[in-house]
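Enquirer: Sequence and predicted structure below; questions after.
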Amino acid sequence: MDDLDEVITLLKEKADTKHRAGMTRFAIANEKALGVKIPEVRKIAKLVKKDHVLAQALWETDIHEARILASMVDDPKQVTPQQIDSWTKDFTTWDVCDQVCGNLFDRTPYVIEKALQFSLREEEFVKRAGFVLMAGYAVHGKKAGDDVFINFFPIIEREACDDRNFVKKAVNWALRQIGKRSHSLRPLAIQCAERILLQNSKAAKWIANDALRELRR
């Protein structure tokens with residue numbers, strides 16, 4: 001299936017007005033959404049299969065669920081750094097950010113480079129993307145060495161003072177996922193959290209305490 005109109009029609013058939021209305025309860029803007037639940041989007045992705053050209057077309061529709069679907073059907077081998085920058089610039093909700101990073105960007109050769117770059121950005125969802133990439137790579141980067149993740153700890157510490165909700169939750173997520181990746185990384189993640197706890201910042205203390213509760217179990 002490679003026809004854009006056909007795919008959009010499928011998405012519209014799965015639209016649920018109650019689900020669309022309820023998105024705002026989870027801090028997701030729904031002005032550009034149809035109201036399609038993620039499991040339904042995944043079912044459509046299985047029908048479409050991998051299609052880089054269609055993914056670009058889906059993204060350009062600016063439809064919330066079409067953009068999530070684009071991340072599921074795109075081919076990470078064909079994704080360029082320019083595409084990552086362009087799509088990330090368009091992030092306006094945390095769920096699109098997380099889906100695109102977790103379905104696609106963290107499976108490209110540019111994941112480490114972009115995680116580092118985006119962690120320095122000021123835009124809330126771009127910065128979030130940097131830490132979502134760290135968290136996602138901790139799960140999906142099966143062949144990555146511990147040194148990759150050890151190098152993320154100073155960045156996590158540096159940005160733990162950002163009190164914006166969608167940033168601090170992503171920083172926390174990255175710290176927890178790295179700590180859970182291996183027995184060797186767990187004590188280092190705990191030490192990182194303990195250092196963050198010493199920062200004079202409410203965001204940092206929340207990030208550290210929440211991570212320590214999980215990592216010390």
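Expert: Happy to help now that I have it.

Enquirer: Pull the helix or strand where residue 127 lies out as CSV, backbone CA atoms only.
Expert: For residue 127, the element it lies in under DSSP states H and E is helix 124-140. Provided in CSV are the C-alpha atoms of helix 124-140 (Å, rounded to 0.1, in the frame of the first residue of the first chain):
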residue,chain,number,x,y,z
GLU,A,124,11.3,22.5,24.6
PHE,A,125,10.4,19.6,22.3
VAL,A,126,13.7,19.7,20.4
LYS,A,127,15.6,19.5,23.7
ARG,A,128,13.2,16.7,24.9
ALA,A,129,14.1,14.8,21.7
GLY,A,130,17.8,14.8,22.7
PHE,A,131,17.0,12.9,25.9
VAL,A,132,14.3,10.7,24.4
LEU,A,133,17.0,9.6,21.9
MET,A,134,19.3,8.7,24.8
ALA,A,135,16.5,6.7,26.5
GLY,A,136,15.6,5.0,23.2
TYR,A,137,19.1,4.1,22.3
ALA,A,138,19.6,2.5,25.7
VAL,A,139,16.9,0.1,24.7
HIS,A,140,17.4,-0.3,21.0
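
Enquirer: so after that helix, what's the next helix or strand?
Expert: Sequence order places helix 146-150 as the next helix or strand after helix 124-140, per DSSP H and E.

Enquirer: I'd like the next helix or strand past that following helix.
Expert: helix 153-159.

Enquirer: Might you list the low-confidence residue ranges for this structure?
Expert: Counting by pLDDT under 70, the chain shows low-confidence ranges at 1.

Enquirer: tell me the domain ranges of it?
Expert: Following the assignment in automatic domain parsing, the chain carries domains at 1-74, 93-217.

Enquirer: Pull the distance from the longest one to the chain's centre.
Expert: Taking CA atoms, centre = their mean, to the nearest Å, one finds the center of domain 93-217 at 11 Å from the center of the full chain.

Enquirer: Endpoint to endpoint, that domain covers what distance?
Expert: Using CA to CA, to the nearest Å, the end-to-end distance of domain 93-217 comes to 32 Å.

Enquirer: now swap in stretch 21-35 and tell me
Expert: End-to-end span of stretch 21-35 (CA to CA): 8 Å.

Enquirer: can you check stretch 188-204 too?
Expert: Stretch 188-204: ends 17 Å apart by CA to CA.

Enquirer: Can you give me the buried ones in it?
Expert: 188, 189, 190, 192, 193, 195, 196, 197, 201, 203, 204 (16 or more other CB atoms under 10 Å). Just so you know, the C-beta spots here come from the backbone N, C-alpha and C atoms, and that holds for glycine as well.

Enquirer: Same list (the residues you listed) but as a markdown table, adding distance to residue 34 and secondary structure.
Expert: A markdown table is the format used below for the buried residues of stretch 188-204 (distance: CB to CB, whole Å; DSSP: H, G, I helix; E, B strand; the rest coil):
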| residue | distance to residue 34 | secondary structure |
| --- | --- | --- |
| 188 | 43 | helix |
| 189 | 39 | helix |
| 190 | 43 | helix |
| 192 | 40 | helix |
| 193 | 40 | helix |
| 195 | 44 | helix |
| 196 | 39 | helix |
| 197 | 43 | helix |
| 201 | 39 | coil |
| 203 | 34 | helix |
| 204 | 38 | helix |
